[in-house]
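> predicted structure and sequence below. I'll ask about it afterward.
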Amino acid sequence: MGKINNDYLSCMPKELRLLLQIINMESKEGTEPIKNKYLIDIDWDLFLQLAAHHRIYPLAYSKLNKIGVELIPLYVIQTLYQKYKENTFQMLHLSGEMERVSKLFTENNIRLLFLKGPAIAADIYGDISLRTSKDLDILIPKTDLNRAEQLLLNCGYEKEETSPFSTKRKSGSIHVSYYHSQKKTQIEIHWRLYRPPATEPSFDELWRRKRISNLTSYPVYLFGKDDLFFYLVNHGAKHGWFRLRWLADIDQIIRKSNITKENYLFQKKYQLHLIGQALILASQLFKTPIHEEILPLTKEKHSRKLAELAKFYMVEMGHKNINQSSKDALANYNNHPFTKKSSIKKLFYINLYEYSVKTNIQKLLFIMRLLNPNSADISTLRLPKPLYFLYFPLRPFLIFWRKTRKSL
């Protein structure tokens, strides 16, 4: 197995580095480097906040429960255990609903593939308690959308209405959400994997390569191994891997499946840079062993650029999450070099990443959306309706004004 030399850990808060070290422990001997290097001046509240944000607290608790690190405060272990237990109950609840929905749709001749949830957790980790999921995501043929909706409405689900601020995007929508207030369960029905104009396999192709989950007595179907791997790669890349759970998924798949050049999805050359990025990040953050056959993907310039940009995305999105949930933890996080960057610089890095992961057609549409005025521009500068056309040339200056004011 090959190794990658670049160090992507150095840019991260020490609390997040500790989390990764715990998850990567293989034995009791693995605690020694943690004691000697990573347990210095740790903000444990921030540690817990980051574990929750990145959705990797089940993995952290599982390792600590097996190996144990005595120097970690008891309340931290207890908090992780409580969240681990709550997640286990949630996944058991979703397992039952997943089976019921699968039976309901199948009996009404609607084919469905589960994109995430307990079936994916069991497939990747062999244990539903080790992965989090707040809802069930289902892919069906678009022609069955109306019938599927009616079935869910008849079962007590309610359609979640689109926010008024997102009505302009309705034509590009690829899923719709439903919520059951008594079961407290959310289901997202997808008819596409990615927003147009992105290309993707047809539902019939995905259905031919489907696998059956061994989690339930009634058949529940999920993607074939290659389709699941690239779906998770694409999903993680699209969101800048800002939740490390997605990279943990990639790590587990590679360890168990021995991904090589022979895999179906490696034939699609335009996707290779996203796979290369995922391999680089998984190798660095989760010590994922990379097969020699695919190691050249990690040497590609585009892959390395995307991996470098992704670390800013991870840090900034973590910062935003902490900002919203814990002022005490935020004080520590604010000392990190990246969070000290100006709002303009951070906006540049974030937009550069989002631009870089797109295809050429998507890049054009991204630029057009970026230049298109929105409600924030109108709130910043009120213009009479006959002068609304001025928002287009003024937009860069209005963004600059908002960001500089925010950083003051």
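Received the coordinates, thanks.

> for residue 48, helix, strand, or coil?
Three-state call for residue 48 (DSSP: H, G, I helix; E, B strand; the rest coil): helix.

> how much space separates it from residue 11?
21 Å (Cβ to Cβ, to the nearest Å). C-beta coordinates here come from the backbone N, C-alpha and C atoms, glycine included.

> please apply the same query to residue 309.
Separation of residue 309 from residue 11 (Cβ to Cβ): 11 Å.

> neighbour-wise, which of the two wins?
Each of residue 309 and residue 11 has its neighbours counted (other Cβ atoms under 10 Å); residue 309 has more, 19 against 16.

> looks to me like the more buried one is in a strand.
No. Counting by three-state DSSP, residue 309 falls outside a strand, being helix.

> now do the contacts for it.
240, 349, 352, 353, 356 (Cβ atoms under 8 Å, 6 or more residues apart in numbering).

> cutoff 10 Å now
Residue 309 is in contact with 240, 277, 349, 350, 352, 353, 354, 355, 356, 357, counting by Cβ atoms under 10 Å, 6 or more residues apart in numbering.

> wait, what's in contact with residue 42?
Counting by Cβ under 10 Å, 6+ apart, residue 42 touches 13, 14, 15, 17, 18, 71, 72, 73, 76, 332.

> sitting in strands, which of those do you find?
With strands identified by DSSP state E, none of the entries of the contacts of residue 42 belong to them.

> would you format the contacts of residue 309 as TSV with distance to residue 122 and secondary structure included?
Shown next, in TSV, are these (distance: Cβ to Cβ, whole Å; DSSP: H, G, I helix; E, B strand; the rest coil):
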residue	distance to residue 122	secondary structure
240	27	coil
277	27	helix
349	37	helix
350	34	helix
352	37	helix
353	32	helix
354	32	helix
355	36	helix
356	34	helix
357	29	coil
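
> columns distance to residue 256, neighbour count and pLDDT on top of those residues, output as JSON lines?
As requested, the contacts of residue 309 are exported to JSON lines (distance: Cβ to Cβ, whole Å; neighbours: other Cβ atoms under 10 Å; pLDDT from 0 to 100):
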{"residue": "240", "distance to residue 256": "25", "neighbour count": "22", "pLDDT": "92"}
{"residue": "277", "distance to residue 256": "21", "neighbour count": "28", "pLDDT": "95"}
{"residue": "349", "distance to residue 256": "34", "neighbour count": "18", "pLDDT": "78"}
{"residue": "350", "distance to residue 256": "33", "neighbour count": "16", "pLDDT": "80"}
{"residue": "352", "distance to residue 256": "34", "neighbour count": "13", "pLDDT": "85"}
{"residue": "353", "distance to residue 256": "29", "neighbour count": "21", "pLDDT": "86"}
{"residue": "354", "distance to residue 256": "31", "neighbour count": "18", "pLDDT": "84"}
{"residue": "355", "distance to residue 256": "34", "neighbour count": "14", "pLDDT": "83"}
{"residue": "356", "distance to residue 256": "30", "neighbour count": "16", "pLDDT": "85"}
{"residue": "357", "distance to residue 256": "26", "neighbour count": "21", "pLDDT": "87"}
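
> domain ranges for this protein?
Domain ranges of the chain: 95-223, 343-407, per automatic domain parsing.

> so which of the ones you listed gets nearest residue 44?
Of all those, domain 95-223 sits nearest to residue 44, with 20.6 Å by Cβ to Cβ.

> how far off centre is that closest one?
Mean-position distance between domain 95-223 and its chain equals 17 Å (Cα atoms, centre = their mean, to the nearest Å).
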